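> The sequence and its predicted three-dimensional model are supplied below.
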Amino acid sequence: MQGFASRRSRQPAPSSSSSLAFLARFFSLFPALRRPSVRHSLILLGALLLLARHLSHRTSPHARKLQAQLSPHLPASATAAATATGGTAATFSAAGGSNSANPADSAGSALENSAAGGGRESGAAERRGSAESDGAGRSEAAGGGEEAQGAGMVRLWNGVMMPRVGFGTAGLGDETAQAVEWALEAGYRLFDSAQAREWYREDAVGAAIARHNVSRNDLFLVSKLHPRHHGYAITRERFADSLRDLRVRHLDLFLLHYPFCFPAICGGNMPQGGAGGGGVGGGGAGGWLDSWRALEDLYQRGAVRAIGVSNFGREELLELIAQAEVKPHVLQRNSDPLRADTDLQTLCAQHGIAYMAYSSLGSQHLLFSDSSRNPVLAHPTITAIAARRACSSAQVVLKWGLLKGQVVIPRSRNRVHIRENFEAWRCGLGEGDVAEIDKLDGTMDGAG
């Protein structure tokens, strides 16, 4: 279309003065046409033809001059027709890309421009966050013009694009399906689930998605192997369980949930490799390395678009990198302002592995505390920044995570909070705000 538009623009525009002179000469040659009723009809017809001809050359100054000369003499219906014609011409120009903003460019700057309250300081913080994200897979904006992708996308090292904001489904129980439907309505397209029925209802996630009119190509579905199923053959079998529960033919990301199992969830059904899976990371039969070989096979035959691990420590991740035929695309771990997990984020950046943070809003702290007060969301530093930036505490924490280059997967069973969390990228944080939050790492006091 752009080439077509440029070829049209090279055609010479007709002269308005020569066209009007031609009409005057035409009437002088045929006296019968000088009668008022006939003359007026012909003048109006000729004017409309000239106007239509010149509007096809809207970039010409001659056309603009002729339009100005004829407009006072045209009836309202002719003026409306000219306006409609002009609108069509403008549409052609936009299709050619010459006069309209590129939607992809607008989406690409969304993260940098979202900090409207942060001014110049906020913009610098955005750029720093993007640079950090580049180390763990280049951060890019999503296409499609959907607000759903306002936070942008992360390009994994194999080129697969993954949304930077997803919806976590752990611990929602019987409310899983309703929460997922609300998340779909809000615009979430990445959904994190797992095979561990102790915490997840993967079947409910699949049922909710099936009821929603959304293309499979727009979704990014994540599942995780239950740690009791370490081993090559059983991993491949259990992968099929996730496909069935989610009602899909392939997954976008499949993770090993833990490098080991523990009695709280495995009981007497410990994997063959034992609690540690054999050695540091499962080199023995039935360990996580056998499961990783199964993930590599699933990836290579196209059953899953990316593979990774969850809750792996530094030693286990380094062992995996050293022995893997396919390097992990994603590491999923707990990270929040009080326990930022900076060391593992740095390691991921060094190896081109995307870092996905779960429990960003502090829920992990509540699991090991008798208090019902969330030490992250209630922290005075977080609440002060939230008040200053007119955001919720959750939005402040999630935006901080995005600026650190993380993919975040907040969960909620509250419809309002689900949407607020999704729109966290709009919260404007400045460099000073980010620095204040960074200082909270390793602390647990001050939550009140």
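That came in fine, so what should we check first? This is a predicted model, so every value here is computed, not measured.

> For the spatially closest residue to Gly173 that is not a sequence neighbour, give me its contacts.
Nearest residue to Gly173 in three dimensions, chain neighbours excluded: Arg201, at 6.7 Å (CB to CB, 6 or more residues apart in numbering). Just so you know, the C-beta spots here come from the backbone N, C-alpha and C atoms, and that holds for glycine as well. Under the criterion of CB atoms under 8 Å, 6 or more residues apart in numbering, the contact list for Arg201 reads 169, 172-174, 176-177.

> any idea how far Arg201 lies from Leu366?
Going from Arg201 to Leu366 by CB to CB, to the nearest Å gives 20 Å.

> Then Val416?
The value you get for Val416 to Leu366, if CB to CB is used, is 20 Å.

> Give me the more crowded residue out of these two.
Neighbours around Val416 and Leu366, counted as other CB atoms under 10 Å, are more numerous at Leu366. The numbers are 15 against 11.

> Give me the pLDDT value at the more buried one.
Residue-level confidence at Leu366 comes out at 74, pLDDT.

> likewise Pro263?
The model reports Pro263 with a pLDDT of 77.

> how deep is it tucked in, by neighbour count?
10.

> any idea how far Val309 is from it?
Pro263 is 21 Å from Val309, where distance means CB to CB.

> mind showing which ranges of the stretch 301-448 of the chain have poor pLDDT?
Segments of the stretch 301-448 of the chain classed as low confidence (criterion: pLDDT under 70) are 368-369, 445-448.

> Spell out the residue ranges of the helices in it.
Using DSSP state H, counting those that start in this stretch, the helices of the stretch 301-448 of the chain run over residues 314-323, 342-351, 363-367, 380-389, 393-403, 415-422, 431-438.

> Out of these, which is the most enclosed?
Mean neighbour count, computed with mean count of other CB atoms under 10 Å, is highest for helix 393-403 among the helices of the stretch 301-448 of the chain, reaching a mean of 26.

> elements contacting it?
In terms of contacts (3 or more CB pairs under 8 Å, 6 or more residues apart in numbering; DSSP states H and E), helix 393-403 is packed against helix 119-135, helix 380-389, strand 407-408, helix 415-422, helix 431-438.

> send the alpha carbons of it over as PDB?
Provided in PDB are the C-alpha atoms of helix 393-403 (Å, rounded to 0.1, in the frame of the first residue of the first chain):
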ATOM      1  CA  SER A 393       0.300  -1.100  47.100                       C
ATOM      2  CA  ALA A 394       0.000  -4.100  44.900                       C
ATOM      3  CA  GLN A 395       0.500  -2.000  41.700                       C
ATOM      4  CA  VAL A 396       3.600  -0.500  43.200                       C
ATOM      5  CA  VAL A 397       5.100  -3.900  44.000                       C
ATOM      6  CA  LEU A 398       4.200  -5.300  40.600                       C
ATOM      7  CA  LYS A 399       5.600  -2.300  38.700                       C
ATOM      8  CA  TRP A 400       8.800  -2.600  40.700                       C
ATOM      9  CA  GLY A 401       9.100  -6.200  39.600                       C
ATOM     10  CA  LEU A 402       8.500  -5.200  35.900                       C
ATOM     11  CA  LEU A 403      11.200  -2.600  36.200                       C
END
